[in-house]
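> give me a 3D structure for the following:
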Amino acid sequence: MQPPSKDPQWLQSARETIRLEAAAIAGLEQRIGAEFGQAVTDILNCTASGGKLVFTGIGKSANVARKTVATLNSTGTSAAFLHAADALHGDLGLVAEGDVVMAVSKSGATEELVSLLPMLQARDIKFMAMVGRRDSVVGRAAAVVLDISVEQEACPHDLAPTTSSAAQLAMGDALAMALMEARGFSSEDFARAHPGGSLGRKLTLKLGDITDDLHRVVVEPDAGLREVVLAVSAGRVGAAAVCDGAQGGQMVGIITDGDLRRALERDAHSWAGLKAADVMHTQPHSLSAATLAIDALEMLEEHHISQVVVLDADGGFQGFVHLHQLMDSGIR
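Now for the predicted structure:
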């Protein structure tokens, strides 16, 4: 019997990459201390005074800087990206007095960043660095240093930025989340920054936005079984509301497909005399029109039901919202 073949080297390399990057990111936790706190404080003071946080870098570090800027802007911190090479050819005008500049670099000795230092130092800005070498030219010039040094790259030749890029990304996320927390950035604030796509809908779409008049199906308590069946079918949400005075009255219960099936399990001779009040249930699941659609969806799934009663601001029956409407609304 042949022994099982050994995994190919490329598969081992893939696993080693994950291990090295995970270890590098885990090691950053011990570096979140007083200096990191100073960075957060200085950035908060800067943005509170109308300034912004400018990230700059070259190569892979520039890509990390761009991603971090996007995260910062979406979580309430005014930020901008400045490519270090472009800064030397006119784009330095992006940086204004009172801003904070964060240079991202593994070596801290990148030529373009080093060339940029005198021009930044000549301005009234706070210069910070996210570097892999604190004793580098960029590191020594920074008032605050966020240490993202790694023992080795995942690259077999210890050349291509891999582990170091992962550490930069994680430190950038840590900074963004700390600023978000310190600022008290709420889910409502987040929603205003993400108005489009499924995320925006998840954070803003309410039951009142998707309640359809076609699903406002109402019968009176003394309605006969045939009228109830027709109403439930017409509404296409598997239910009808029972209201005193029909359209303008107070809801006293609802009748679902399940209620009708249970009614038909009774003696057939009783069917003709059954009224809506005889088969309704009086404590249906209901939510206000201001309830987020995502919360309603989670409630329906938790209770294994297909529709929910939507109540208006006065507690009156506004309509039904069906599970399928919520699933089709794009909140997931």
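
> touching stretch 148-160 from outside, list them.
13, 16-17, 20-21, 24, 27-28, 106, 130-134, 161-164, 167-168, 171 (Cβ atoms under 8 Å, 6 or more residues apart in numbering). (Glycine included, C-beta is placed from N, CA and C.)

> separate out the buried members of those residues.
Buried subset of the contacts of stretch 148-160 (neighbour count, 16 or more other Cβ atoms under 10 Å): 17, 20-21, 24, 27-28, 106, 130-133, 161-164, 167-168, 171.

> now go through those residues and say which are in helices.
Counting by DSSP state H, the buried ones among the contacts of stretch 148-160 place 17, 20-21, 24, 27-28, 163-164, 167-168, 171 in helices.

> so where's the stretch 1-150 of the chain uncertain?
Applying pLDDT under 70 to the stretch 1-150 of the chain picks out residues 1-5.

> now the strands for it?
Remark: strands assigned in the stretch 1-150 of the chain by DSSP state E, counting those that start in this stretch are 53-57, 79-83, 100-105, 126-131, 144-147.

> would you list the ones you listed in CSV and tack on distance to Gln307?
Listed next are these as CSV, based on distance: least, Cβ to Cβ, whole Å:
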stretch, distance to Gln307
strand 53-57, 47
strand 79-83, 44
strand 100-105, 51
strand 126-131, 51
strand 144-147, 51
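
> and those strands: which comes nearest Leu287?
For Leu287, the closest of the strands of the stretch 1-150 of the chain is strand 79-83, at 37.7 Å, according to Cβ to Cβ.

> count the residues that sit near Ala231.
For Ala231, the neighbour count with other Cβ atoms under 10 Å is 19.

> skipping adjacent residues, who's closest to it in space?
Distances taken as Cβ to Cβ, 6 or more residues apart in numbering place Ala240 nearest to Ala231, at 4.3 Å, with adjacent residues excluded.

> okay, now the sheet partners of the helix or strand containing that neighbour, with direction.
Assigned by DSSP states H and E, Ala240 belongs to strand 239-243. Strand 239-243 has the following sheet partners, assigned by DSSP bridges: strand 218-219 (parallel), strand 251-256 (antiparallel).
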